[in-house]
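# mind looking at a prediction? Sequence and model below.
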Amino acid sequence: MGNIGSPRRLEFTAIGNTVNTASRLEGLTKKLGWTIVASRSTIEAASGVATGQQDTRAVKGRQEPIEVFEVLGLKEENT
């Protein structure tokens, strides 16, 4: 993340593999018919996420397919 461009046309942006992958996952929402799509690594990092359907998809710019999950919301805690 940072400023990219010239002094005449400067933009603050994020670039890189993670940003590109996130964009590809967002693009899968229409193809899969899911509201929110997340990768396995995101689901594992965010504890307490309720998931629905699961699929493995190839995405542009990645050699290996990505395991994706439909995010339904947060799991309710038993108190």
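Structure's in. What do you need?

# which of the three states applies to the nearest residue to K60 once chain neighbours are set aside?
The spatially closest residue to K60, leaving aside those adjacent along the chain, is R24, at 6.1 Å (Cβ to Cβ, 6 or more residues apart in numbering). Just so you know, the C-beta spots here come from the backbone N, C-alpha and C atoms, and that holds for glycine as well. Three-state secondary structure (criterion: DSSP: H, G, I helix; E, B strand; the rest coil) places R24 in helix.

# quick one, what contacts R24?
59-62 (Cβ atoms under 8 Å, 6 or more residues apart in numbering).

# how does it look with 7 Å?
Taking Cβ atoms under 7 Å, 6 or more residues apart in numbering, we find R24 in contact with 59-61.

# secondary structure class for W34?
Quick answer, by three-state DSSP: W34 is coil.

# got the phi and psi for it?
Backbone torsions of W34, given as degrees, to the nearest 10, read phi -100, psi 150.

# nearest spatial neighbour of it, skipping sequence neighbours?
W34 sits nearest to E70 (Cβ to Cβ, 6+ apart), 4.2 Å away.

# doesn't the one you found belong to a strand?
Yes. Read with three-state DSSP, E70 is one of the residues of a strand.

# report pLDDT for the closest residue to S39 other than its chain neighbours.
In space, and not counting its chain neighbours, S39 is closest to I66: 5.4 Å by Cβ to Cβ, 6+ apart. Looking at I66, its pLDDT is 95.

# I'm done for today, thanks for sticking with me.
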